[in-house]
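Engineer: no sequence on this one, just coordinates:
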């Protein structure tokens, strides 16, 4: 029904899209792996980051890719502050409460953005989105290729950070055994906040990679969150390589599912895959046994 | 439910019973919406609050109850009350199915929560595509106002029916909490392995919980269908009801029989109250809503029921 | 607090003021304002459309009041009672109750079909007139509710006009189109439209190669574009909301996919000035069959200027709500009353001509305005022109699109 070249291109499309999904999922998997909370505000924070990219690019005329590093640093700090002084204290250490707090935050953030920016869809001006790189019969979008490269790079950096640096080791320690880590002198609250900050920094990068080809309005982040959850479970909660590979896999599944089942039913394909993974191998590709 | 909490609950129920008799339609409509969410939340509470597993996909049960009764009525001419009952049975069935698949695979905590989310999403996508549910056009229940058709000219009548359902489930919840089933639920919730060691059939217990839960939330879906008379995949299986049910329970006091009632009423009241601030700047009212939610949890982490209990205990001292 | 005796000056001033209030002054007496409920989803997923609807209603109310209000009620001014439908039917129903409690004479709006269905039904309990602004589902007017009116065309009308105009277009150009690919959003209007298209298009000699449905929101349209490229149809018929069509159009431009034409139906972006302004190349020569304002009516053009001065685009929500408010005001004028039954009767008999839509004579049958009709538009030279029907056209169609 479809020629091999069409299928090949669909796979490539899937990989390119999946890389950005992976970045969004990275933040989520870190937060889950360490803090053991499901962050309902993830989508709203992504939307925030996308608006920030838009504002920096349109308002200050900054090139999108140059805007990413400062924004990532900003979001690192923002995420740190949010976890340290809002989410952490408000939750009183209870998981159910954290759900509520992050939910409340997501409502406040989304509508705050609505109040500030109104509901109109914004896009980046300029023709960057139309730059193509020709690869055989395929016309690949340059921004999406850059997105792929940067996502892989960020995943690698994050993995190195977790494996090599002291902070990274502390994070892994807290993830594995909170009590023990605190007894060993690690400031758990600080580590929680740092991890949340890192998760938000990933969102800032993802936002910068998405904006050239996508758009932003106060609700845009929500569309990526469900997929991000799927990837987190698929890749294994708390696993950085898992999030990257899971993202790429989901991107390809979505692409091929869309090709063969239609885009709408193809979405069901992602969730069916999700359900199957959970039933058959809940730890995911790289996760520790639940 | 301790004696301390009984008085406020009884008071609230009394007020709810009396209000529809003379209140304005605006208030009654508010009550019906809040009571439908209460019922859905009570279902959630039976599973998550009493027995432990947190679900993010209770829409799967809500939508099933709604669609079953709507399809039976509009396509097969089945009587509305029979359809309502069928919806409840279907909810229990779907609960059993999801529970059997998930619990047998040993899913707990966030994994269970996410699989329920996935199920609800699959249901939504499929319901949006197949002709049986009306596909994307949705299902319109024919306006035929007769009590025998579960449609009432007076909004108050509907409010009383919703209230009756809520009271029935409340009584059921209290009975369960005090009985052996409740003890089994609590044991499983606190420590599954210990419960198993005590000889409790953990799988069977959880299955009972989720079937009950599914049935109750499906009833809420059926009520919704009868009241609003229009359904589509986003209304029936959308995440809004999963979130509201969950929110109501946590705000009201998770695991307490009256928690869902307090929580649903409080959240709806907050939603209405913040409308007063909906001025020239769009969205400010909802920003306030979100912030108050965060604040509420920060200062009253035990939820309304929990805080009430503390208050009453202190007052009696 | 020390008691301060009232000075004589103050007492005199007070007496003077009191006498002014007491004096019978027929000239000063303001008749009670006519409250009009405006229901739009300004928060939630539909916020973008809701804001535009509200703007249209506001402009109409301001204009009517500036022209002297409802003259048959002594120059009573119209007062907007705004209600946020929060993009879901439950909230909309609650707001209808509130509007009724506040004593509105009628409700205009809703926008989305599920919201319109729920809200008009809630209003029917009180025989409160409800005028649908956009919602195209045929079920809205097929329920036999006496209080519900729709000024704009419904679904059935849309499809028949879209298809007959496509046939005209194709015939006039010498039938260059043989194959079609349908792209549609998987909600109410997209899916319904695609179903009808699949039955009707073969009747005018066109072959549907494939029907591609996509969710809203869609994260990515690359594969939809890929399939279009693979199928290489003569014509693409997209029915999507704003964001998804913009994504598709941009992707098609990037992928250098240029069919002989893009013939959108009820598309959120194809006839949207923002899209044309932001992506002129992707938008060039795209056609749409959609709601539109009357292109040569001076009032419509002045409304357009006002909208642009407010920093917004003249999307169809604006002239539709503008016209619906005018319709209600006209009915109240004729009824010389805000009594629900009288207003409904006046609406049913309405021949309102002061609107800014390109419609034939207003005539309601079963709540649906028979004079309503969509028009065909095309993006030409960074502007949006009307190409059908001839009576309102201000440009000739460019078809097939030059390669």
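Structural biologist: Yep, that arrived. Computed from a predicted structure; not experimentally measured.

Engineer: per-residue pLDDT, the residue of chain C found nearest chain B?
Structural biologist: Nearest residue of chain C to chain B (CB to the nearest CB) works out as residue C:191 at 3.7 Å. Quick note: C-beta positions are derived from backbone N, CA and C, even for glycine. Predicted confidence (pLDDT) for residue C:191: 90.

Engineer: could you do residue A:183 as well?
Structural biologist: So residue A:183 comes in at 87 (pLDDT).

Engineer: where's it relative to chain B, distance?
Structural biologist: 24 Å (CB to the nearest CB, to the nearest Å).

Engineer: and the helices in the stretch 201-317 of chain B?
Structural biologist: Counting by DSSP state H, counting those that start in this stretch, one finds helices in the stretch 201-317 of chain B at the ranges B:202-228, B:233-237, B:239-252, B:259-275, B:284-299, B:303-316.

Engineer: hmm, back to that, which elements pack onto the helix or strand containing the residue of chain C closest to chain B?
Structural biologist: Here residue C:191 is covered by helix C:188-200, with elements defined by DSSP states H and E. Here helix C:188-200 touches helix C:113-124, helix C:155-172, strand C:179-185, strand C:207-214, strand C:235-239, going by 3 or more CB pairs under 8 Å, 6 or more residues apart in numbering or on different chains; DSSP states H and E.

Engineer: repeat that for 7 Å
Structural biologist: With contacts taken as 3 or more CB pairs under 7 Å, 6 or more residues apart in numbering or on different chains; DSSP states H and E, helix C:188-200 sits against helix C:155-172, strand C:179-185, strand C:207-214, strand C:235-239.

Engineer: anything in stretch A:227-246 near chain B?
Structural biologist: Yes - Stretch A:227-246 reaches chain B (CB under 7 Å from any CB of the partner chain) through A:229, A:233.

Engineer: thinking again about what came up before, most tightly surrounded among the helices and strands packed on helix C:188-200?
Structural biologist: strand C:235-239 (a mean of 28; mean count of other CB atoms under 10 Å in any protein chain shown).

Engineer: quick one: strands adjacent to that strand?
Structural biologist: strand C:179-185 (parallel), strand C:261-265 (parallel) (DSSP bridges).

Engineer: just the helices in chain A please.
Structural biologist: Applying DSSP state H to chain A gives helices spanning A:4-35, A:42-54, A:60, A:64-82, A:88-91, A:95-117, A:142-164, A:166-176, A:178-183, A:188-210, A:222-235, A:240-261, A:263-280.

Engineer: so how far is the shortest one off the chain centroid?
Structural biologist: How far helix A:60 lies from its chain's middle: 25 Å, per CA atoms, centre = their mean, to the nearest Å.

Engineer: residues of the stretch 151-290 of chain A that sit close to chain C?
Structural biologist: A:215, A:219, A:223-224, A:255, A:258-259, A:262-264, A:267.

Engineer: let's see 8 Å
Structural biologist: Selection of the stretch 151-290 of chain A residues close to chain C by CB under 8 Å from any CB of the partner chain yields A:213-215, A:217-220, A:222-224, A:227, A:255, A:258-259, A:262-264, A:267.

Engineer: and the residue nearest to the spatial centre of chain B, how close does it get to residue B:125?
Structural biologist: Using CA atoms, centre = their mean, the residue of chain B that lies closest to the mean C-alpha position is residue B:40, 1.2 Å off. Look at residue B:40 and residue B:125: by CB to CB, to the nearest Å, they are 21 Å apart.

Engineer: list the contacts of the residue nearest to the centre of chain B.
Structural biologist: Residues in contact with residue B:40 (CB atoms under 8 Å, 6 or more residues apart in numbering or on different chains) are B:58, B:62, B:216-217, B:220-221, B:241, B:244-245, B:248.

Engineer: okay if I get these as JSON lines plus distance to residue C:156, neighbour count and pLDDT?
Structural biologist: Shown next, in JSON lines, are the contacts of residue B:40 (distance: CB to CB, whole Å; neighbours: other CB atoms under 10 Å in any protein chain shown; pLDDT from 0 to 100):
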{"residue": "B:58", "distance to residue C:156": "37", "neighbour count": "33", "pLDDT": "97"}
{"residue": "B:62", "distance to residue C:156": "32", "neighbour count": "38", "pLDDT": "98"}
{"residue": "B:216", "distance to residue C:156": "41", "neighbour count": "32", "pLDDT": "98"}
{"residue": "B:217", "distance to residue C:156": "37", "neighbour count": "35", "pLDDT": "98"}
{"residue": "B:220", "distance to residue C:156": "35", "neighbour count": "33", "pLDDT": "98"}
{"residue": "B:221", "distance to residue C:156": "31", "neighbour count": "36", "pLDDT": "97"}
{"residue": "B:241", "distance to residue C:156": "32", "neighbour count": "30", "pLDDT": "95"}
{"residue": "B:244", "distance to residue C:156": "36", "neighbour count": "25", "pLDDT": "92"}
{"residue": "B:245", "distance to residue C:156": "38", "neighbour count": "32", "pLDDT": "94"}
{"residue": "B:248", "distance to residue C:156": "41", "neighbour count": "29", "pLDDT": "92"}
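
Engineer: for residue B:117, state which of the residues you listed is nearest.
Structural biologist: Nearest to residue B:117, judged by CB to CB, of those is residue B:58 at 9.8 Å.

Engineer: torsion angles phi and psi at that closest one?
Structural biologist: Geometry field for residue B:58 lists phi and psi as phi -70, psi -10, criterion degrees, to the nearest 10.

Engineer: that one reaches residue B:43, doesn't it?
Structural biologist: Yes - contact between residue B:58 and residue B:43 holds when scored by CB atoms under 8 Å: they sit 6.6 Å apart.

Engineer: any shared contact partners between the two?
Structural biologist: B:213, B:217, B:245.

Engineer: okay, now residue A:1: neighbour count?
Structural biologist: Counted with other CB atoms under 10 Å in any protein chain shown, residues neighbouring residue A:1 total 7.

Engineer: output the below-cut-off pLDDT ranges for the chain.
Structural biologist: I'll assume chain A. For chain A, the stretches with pLDDT under 70 are A:128-129, A:287-290.

Engineer: you answered for a different chain; I wanted chain B.
Structural biologist: Counting by pLDDT under 70, chain B contains low-confidence ranges at B:1-5, B:279-280, B:317.

Engineer: show me where it has strands.
Structural biologist: Per DSSP state E, chain B carries strands over the ranges B:139-140, B:230-231.

Engineer: just name the most buried of the ones you listed.
Structural biologist: strand B:230-231 (a mean of 26).

Engineer: that one near chain C at all?
Structural biologist: Yes - looking at strand B:230-231 against chain C by CB under 8 Å from any CB, the contacts come from residue B:230.

Engineer: tell me how far that strand lies from the chain's centre.
Structural biologist: Centroid separation between strand B:230-231 and its chain, computed with CA atoms, centre = their mean, is 18 Å.

Engineer: which parts of the stretch 51-200 of chain C sit against chain A?
Structural biologist: When proximity is defined by CB under 8 Å from any CB, the stretch 51-200 of chain C lies next to chain A at C:51, C:186.

Engineer: spell out which parts of the stretch 51-200 of chain B neighbour chain A.
Structural biologist: Residues of the stretch 51-200 of chain B lying near chain A by CB under 8 Å from any CB: B:54, B:101-102, B:105-111, B:113-115, B:117-119, B:121-122, B:125-126, B:128-129.

Engineer: same thing but 7 Å
Structural biologist: Residues of the stretch 51-200 of chain B found near chain A (CB under 7 Å from any CB) are B:101, B:105, B:107, B:110-111, B:114-115, B:118-119, B:121-122, B:125-126, B:129.

Engineer: a markdown table for those residues, including neighbour count?
Structural biologist: What follows is these, written out as a markdown table (neighbours: other CB atoms under 10 Å in any protein chain shown):
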| residue | neighbour count |
| --- | --- |
| B:101 | 15 |
| B:105 | 17 |
| B:107 | 20 |
| B:110 | 20 |
| B:111 | 22 |
| B:114 | 26 |
| B:115 | 26 |
| B:118 | 28 |
| B:119 | 26 |
| B:121 | 26 |
| B:122 | 21 |
| B:125 | 23 |
| B:126 | 16 |
| B:129 | 18 |
